[in-house]
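Asks: kindly generate the corresponding structure for this input.
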Amino acid sequence: MKNMTPRLMANACAGILHVPDGQEQLADAEVTQIVTDSRKAGEGMLFAAIPGERVDGHSYIPSVCEKGASCILCERDLTGEDIPEHVSQGVCWIRVRSTLAALRDLAEYYLQELGIPAVGIAGSVGKTSTKEMVAAVLSQKYRVCKTQGNFNNELGVPLTIFRITPEDEIAVLEMGISDFGEMHRLSRIVHPDTVIMTNIGECHLEFLGDRDGVLRAKSEIFDYLREDGHILLNGNDDKLVTLQEVNGIRPVFFGIPSEGQEEKGRGENGTALTCYADAIEPLGLAGTRAAIHTPEGSFTCTVPIPGRHMVMNALAGTAAGLAYGMSLEQIRCGIESIQPVGGRFHIVETGKRIIIDDCYNANPISMKASLGVLRDAPGRRVAILGDMAELGKDEHAFHLEVGNFARECGIDALITIGERGSWIGEGAGNDVPGMHFDSTDSFLEAVKAHRSETLLQKGDTVLVKASHCMAFEKIVAALENEE
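Replies: All right, here's what the predicted structure looks like:
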């Protein structure tokens, strides 16, 4: 890690450095990596001890020292009980008030030391798939480090930044929040050169109140945007199009022209779209073909993951590629190279049926997008849907809305799971054959006992989707392994 020595890190996070007597060289030895998981600790690493509700990371300090960690970031003074005597001459430690706050400071320092541009991706829905698309496009010209998994919060973003190497040329960072103030702190860490916002939806409403609150919270990402930065926004979102100028920067809008505005390339409220798509042709589960238009010219491409929302992601990737000087051919190749990630519209063919694994998370917008893809799928179309969390006081209405949309899509069967999931069935009404289960485990028991076969048949295409708390990945695994 470039310029990440204990001495420099202590200064960066306002910590107090403690070095064993006679071992001053430790203060200037570069740390190889920063970890918070004791199982990943190794030679020359810094271990950050985080006190948690169930487990205190400080209790693992002896074991990480045994594994060769050279520095400890901690919230209390360490003693001989923490650092075994036989390795004590090779370990220094930095005392801070808050390990989490110190990690944020260190991540900000490290990213500035690297001096590479950072793309911050925010929004209510589609951050991960947009991040994957943007990274796929930019990788055609640059070496990219991107967020892995769900490392998008106040701990995950720093840990992602610590993975960046001096060889990387650009960082693509997903930035997720659930309350006011969080995006401000993330923006301070990242100091984004480019901000991409996917949409403003009904997410975390129990904390943010309404969509206007969501917009305010997400817009904190602009607090540390660089003066010469880029802002790339979804021009089909009625809230985002109100941001006609931010910090003296005029956003670039991307999107699909509204009905009747195709020739003019205009989106929501007549907003001019710098990058837009038309001639959109669904190819079933094989993806979508579309023509993409930009100020630099036009091209036709096939987005290999199905769904109209993936065309929007391709437009975001196109806008990002143009912002970083890429050719249209490089952008097209990047779009067509995109691969799905587990739990996010991953198509699984078991030989018995096709599973659309979209179980990582859910809200009204993403539920409807996934049902829209299921509508065009082959065979009998079955949706297994569960609770959508953190929707606030209108959660019942939102679940009814999804159920009604499922009915309009003409799906052949609906399986609902969970208390809120039952409201989806209520919204679908009696027109859709259905079955309800109180919990994920009760459905899994039914699958094991073959009691679900009245609704699940050979040759079906099955959508599996709910909020992460429902653990629907268990359902995907069970259906994959079903005999």
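
Asks: just the element for the most centrally placed residue in the chain, please.
Replies: Geometric centre of the chain, nearest residue: residue 128, 3.4 Å, by Cα atoms, centre = their mean. Using DSSP states H and E, the element containing residue 128 is helix 127-138.

Asks: before we move on, what about residue 403?
Replies: Per DSSP H and E: helix 395-408 holds residue 403.

Asks: how near is the closest residue to the residue nearest to the centre of the chain other than its chain neighbours to residue 289?
Replies: Leaving out its chain neighbours, the residue that sits closest to residue 128 by Cβ to Cβ, 6 or more residues apart in numbering is residue 344, at 5.6 Å. To be clear about C-beta, it is placed using only N, CA and C from the backbone, and glycine gets the same treatment. Residue 344 is 21 Å from residue 289, where distance means Cβ to Cβ, to the nearest Å.

Asks: next one, pLDDT for the residue nearest to residue 128 please.
Replies: Looking at residue 344, its pLDDT stands at 76.

Asks: got the contact list for it?
Replies: Neighbouring residues of residue 344 by Cβ atoms under 8 Å, 6 or more residues apart in numbering: 128, 129, 357, 358, 360.

Asks: ok, now with 7 Å
Replies: Each residue near residue 344 by Cβ atoms under 7 Å, 6 or more residues apart in numbering is listed here: 128, 129, 358, 360.

Asks: which secondary element of this protein has the worst mean pLDDT?
Replies: helix 205-208 (a mean of 84; mean pLDDT, DSSP states H and E).

Asks: any idea how far that helix is from the chain center?
Replies: In terms of Cα atoms, centre = their mean, to the nearest Å, the centre of helix 205-208 is found 19 Å from the chain centre.

Asks: go on, stretch 266-276?
Replies: With Cα atoms, centre = their mean as the basis, the mean position of stretch 266-276 lies at 25 Å from the chain mean.

Asks: buried set for it?
Replies: Neighbour-count burial for stretch 266-276 flags 266, 267, 268, 271, 273, 274, 275, 276 (criterion: 16 or more other Cβ atoms under 10 Å).

Asks: so which of those residues is the closest to residue 238?
Replies: Using Cβ to Cβ, residue 268 is the member of the buried residues of stretch 266-276 that sits closest to residue 238, with 5.1 Å.

Asks: tell me the buried residues in stretch 129-145?
Replies: So stretch 129-145, judged by 16+ other Cβ under 10 Å, has buried residues 129-142, 144-145.

Asks: sorry, back to before: name the helices or strands packed onto the helix holding residue 403?
Replies: With contacts taken as 3 or more Cβ pairs under 7 Å, 6 or more residues apart in numbering; DSSP states H and E, helix 395-408 sits against helix 364-375, helix 419-428.

Asks: need the next SSE after that helix, C-terminal direction.
Replies: Later in the chain than helix 395-408, the nearest helix or strand by DSSP H and E is strand 413-417.

Asks: where along the stretch 1-150 of the chain do the helices fall?
Replies: Applying DSSP state H, counting those that start in this stretch to the stretch 1-150 of the chain gives helices spanning 6-12, 61-66, 99-114, 127-138.

Asks: comparing those, which comes out most buried?
Replies: helix 127-138 (a mean of 26; mean count of other Cβ atoms under 10 Å).

Asks: what's the spacing between that helix and its chain's center?
Replies: 10 Å.

Asks: quick one: list the elements packing against it.
Replies: Using 3+ Cβ pairs under 7 Å, 6+ apart: helix 127-138 touches strand 118-122, strand 144-146, strand 170-174, helix 308-323, helix 328-336.

Asks: show me the one of these that comes nearest residue 423.
Replies: helix 308-323 (23.6 Å).

Asks: put the alpha carbons of the closest one into CSV.
Replies: The C-alpha trace of helix 308-323 is given here as CSV (Å, rounded to 0.1, in the frame of the first residue of the first chain):
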residue,chain,number,x,y,z
ARG,A,308,-35.1,-2.3,-19.8
HIS,A,309,-33.2,-1.2,-16.7
MET,A,310,-30.1,-2.8,-18.1
VAL,A,311,-30.4,-0.5,-21.1
MET,A,312,-30.4,2.4,-18.7
ASN,A,313,-27.2,0.9,-17.1
ALA,A,314,-25.7,0.7,-20.5
LEU,A,315,-26.4,4.4,-21.0
ALA,A,316,-24.8,5.2,-17.7
GLY,A,317,-21.8,3.3,-18.8
THR,A,318,-21.8,5.1,-22.1
ALA,A,319,-21.9,8.5,-20.3
ALA,A,320,-19.0,7.5,-18.0
GLY,A,321,-16.9,6.2,-20.9
LEU,A,322,-17.3,9.5,-22.8
ALA,A,323,-16.4,11.4,-19.6
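
Asks: just the terminal-to-terminal distance for stretch 230-247.
Replies: Start and end residues of stretch 230-247 are separated by 11 Å (Cα to Cα, to the nearest Å).

Asks: show residues contacting it.
Replies: 193-200, 211, 215, 222, 225, 249, 251-256, 267-269, 271, 273, 312, 316, 319-320, 323.

Asks: buried subset of those residues as a PyMOL selection?
Replies: Selection of buried members from the contacts of stretch 230-247 for PyMOL, criterion 16+ other Cβ under 10 Å:
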select buried, resi 193+194+195+196+197+198+199+200+211+215+222+225+249+251+252+253+254+255+256+267+268+271+273+312+316+319+320+323
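
Asks: quick one on the thing from earlier: residues touching the least confident helix or strand of the chain, excluding its own?
Replies: By Cβ under 7 Å, 6+ apart, helix 205-208 touches 178, 179, 214, 217, 390, 391, 392.

Asks: what count of nearby residues applies to the last one?
Replies: Neighbour count of residue 392, defined by other Cβ atoms under 10 Å: 16.

Asks: next one: the second one
Replies: Residue crowding around residue 179 was assessed by other Cβ under 10 Å; the count is 12.

Asks: so what's it up against?
Replies: residue 207.

Asks: need the three-state assignment for it.
Replies: coil (DSSP: H, G, I helix; E, B strand; the rest coil).

Asks: just to revisit the earlier point, out of the contacts of residue 344, which is nearest to residue 53?
Replies: Using Cβ to Cβ, the contacts of residue 344 come closest to residue 53 at residue 360, 23.7 Å.

Asks: so the closest one touches residue 469, yeah?
Replies: No: Residue 360 lies out of contact with residue 469 (Cβ atoms under 7 Å); the separation is 11.2 Å.
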